[in-house]
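S.K.: Sequence first, then the predicted structure:
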Amino acid sequence: MKVKNMLKMVAVATVSTLLFACGGGGGGSSTPSQGTTVNGIAQAGIFTKGKAIFKGYSGSAKNKEYTITFTNFSSPLGAFKANVGSYSGPLTVSVSGYYTDEATNKIITVSEGSPLKAAIPQSSVTDGVTVPVTPLTDIAANKAITAGLTNDSITQNNQGVAQLFGLTDVTKTIPAAPTAANLTSTTGKSENTYAVALVKLSEYVAQYAATSSGTTTSTVTNDELKTALPAALAQLSSGISVTAGTGSSSTPTVAITAPELKTTLTTIMTNTTTTVNGSSVTMSSTALGSISGALTTAASTLSINKYVLYVSGDPAIQIYGIQVDIAIPDTVTITADSNGVITTGAVTSAISGGIINGTLKNSTLKLTFVAGNGFTANVTAGKLASIISKGTGSATLNPVNIKAFDKNGNLLTGVSITVGS
């Protein structure tokens, strides 16, 4: 995007019953006397209303979707259920609706097009089972869907993603409610660790939204959070790898493969004081220790390099935009999607309100930086932005084709960019 254009842009108590066997939803609160009842608990924050969809993937129920709409969740909050008849096979549960975000205390919309998902294997589709639907199950389900949604891929990813956050299986532990008592508990119970992990993921999504929109976590809007939720969870899903167990071990191995992911998660998970639903809470050191230890293990083979972009020039000049190209050597890897768009967090602004867009093509990193309020060359000790990469050692990055712009998009002279550590 051209700098001029960028500058312009900147200037329910009861749930109806579902019947797989009958092919539709029934009214009222009665439960059929036959068939398998699958319970669900939706939690990212506290859900209030929306829709749940159960989907089968084998036999007569293959690719059929059975939908239930709720105006309030039953007690406990976030609970719903469906009778799936005699269905036997892998099952997904998707939830859309509204919940109160724990990190920002804002109402977030989970759209039907990008719902939170959970997947369970055939062996878990048993009468009375309860399936949590959370951001963690969504990350695992995304990876299982990419792998073909088999019983093995579902189990492997549910266990692998759980390992990353100090758990054993993201669908076999029901997260505790995000109350101060649960979040500060040092008992080491897995349900409390799960609750802490979800609060911290809310922080991750808020930071993702703020970085993407050039705002702060305290000023990010509901719409920005709505957009950020599926994008942030997709980034988490793509930034970790889960490998099946080998030999006599059936336990999968999880590894963080994106350097910016390790950096961001480590910072968030080691921050003990968190604002939860508008109140400051000192999180459980036991739970955070378990999660941080798991993150350290998962990223133990990842070598990270951090580079800092410095801007210099006449401090009297007000800068509103910068374009720069940087050649990236083979020893340095910066995470980008299939279109070459840099992953959120791989390049971050050191200037408040700054927005960075980046693409990586033909070993050249092209960065466009815009600050709606402008800045001078001596702000933040000359730091413009940082680049987080993985690599086999230090490398020299040389910026070229440097262009700086004023408020109207006109070229400025006497502005230079250097890269240091």
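M.R.: Sure, I can see it.
S.K.: who touches stretch 411-421?
M.R.: By CB atoms under 8 Å, 6 or more residues apart in numbering, the surrounding residues in contact with stretch 411-421 are 306-314, 317, 319, 322, 324, 326, 377, 384, 387, 394, 396-399, 402-406. The C-beta positions use only the backbone N, C-alpha and C, and glycine is treated the same way.
S.K.: Could you turn the buried ones of the residues you listed into a PyMOL selection?
M.R.: Buried residues among the contacts of stretch 411-421 (16 or more other CB atoms under 10 Å), as a PyMOL selection:
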select buried, resi 307+308+309+310+311+313+317+319+322+324+326+377+384+387+397+399+404+405
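S.K.: Strands - which of the contacts of stretch 411-421 land there?
M.R.: 306-312, 319, 322, 324, 326, 384, 387, 399, 402-405 (DSSP state E).
S.K.: can you give me the strands in the stretch 101-250 of the chain?
M.R.: For the stretch 101-250 of the chain, strands defined by DSSP state E, counting those that start in this stretch occupy the ranges 107-110, 116-120, 130-133, 240-243.
S.K.: Kindly reformat those as CSV containing mean neighbour count, distance to N157 and mean pLDDT.
M.R.: Shown next, in CSV, are those (neighbours: other CB atoms under 10 Å; distance: least, CB to CB, whole Å; pLDDT from 0 to 100):
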stretch, mean neighbour count, distance to N157, mean pLDDT
strand 107-110, 20, 21, 92
strand 116-120, 26, 8, 95
strand 130-133, 22, 15, 94
strand 240-243, 18, 5, 90
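S.K.: In a markdown table, list these along with distance to T267.
M.R.: Below are the strands of the stretch 101-250 of the chain laid out as a markdown table (distance: least, CB to CB, whole Å):
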| stretch | distance to T267 |
| --- | --- |
| strand 107-110 | 22 |
| strand 116-120 | 24 |
| strand 130-133 | 26 |
| strand 240-243 | 17 |
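S.K.: What are the boundaries of the helices in the stretch 101-250 of the chain?
M.R.: For the stretch 101-250 of the chain, applying DSSP state H, counting those that start in this stretch gives helices covering 135-146, 151-164, 180-184, 190-213, 222-238.
S.K.: before we move on, back to that, who wins for proximity to K81 among the strands of the stretch 101-250 of the chain?
M.R.: K81 lies closest to strand 130-133 among these, at 8.7 Å (CB to CB).
S.K.: Could I get the average pLDDT for stretch 256-269?
M.R.: For stretch 256-269, mean pLDDT rounds to 87.
S.K.: actually stretch 197-206, not the one I typed
M.R.: On average, stretch 197-206 scores 93.
S.K.: ok, L288 touching T270?
M.R.: Yes. Between L288 and T270 there is a contact under CB atoms under 8 Å: 7.1 Å.
S.K.: the more surrounded of those two?
M.R.: More crowded of L288 and T270, by other CB atoms under 10 Å: L288, with 22 against 12.
S.K.: In three-state terms, label that one for me.
M.R.: The three-state assignment at L288 reads helix, by DSSP: H, G, I helix; E, B strand; the rest coil.
S.K.: what sits against it?
M.R.: 196, 269-270, 272.
S.K.: Quick one: buried ones out of those?
M.R.: Neighbour counting by 16+ other CB under 10 Å classes 196, 269 among the contacts of L288 as buried.
S.K.: Among the contacts of L288, which ones are in strands?
M.R.: Among the contacts of L288, no member falls in strands (DSSP E).
S.K.: In the contacts of L288, find the pair that's most separated.
M.R.: The widest separation within the contacts of L288 (CB to CB) is 12.4 Å, between V196 and T270.
S.K.: any weak-confidence spans in the stretch 251-400 of the chain?
M.R.: When residues are selected by pLDDT under 70, those of the stretch 251-400 of the chain lie in 380, 392-393.
S.K.: can you pull out the helices in it?
M.R.: Taking DSSP H, counting those that start in this stretch, the helices of the stretch 251-400 of the chain run over residues 259-269, 285-298.
S.K.: With distance to S185 as added columns, please give those in CSV.
M.R.: As requested, the helices of the stretch 251-400 of the chain are exported to CSV (distance: least, CB to CB, whole Å):
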stretch, distance to S185
helix 259-269, 17
helix 285-298, 8
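S.K.: So which of those is the most surrounded?
M.R.: helix 259-269 (a mean of 22; mean count of other CB atoms under 10 Å).
S.K.: Look at the spatially closest residue to A234 that is not a sequence neighbour and say how many residues are nearby.
M.R.: Nearest residue to A234, sequence neighbours excluded (CB to CB, 6 or more residues apart in numbering): N142, at 6.5 Å. For N142, the count of nearby residues is 20 (other CB under 10 Å).
S.K.: Kindly state the pLDDT recorded for N142?
M.R.: Confidence at N142, expressed as pLDDT, is 93.
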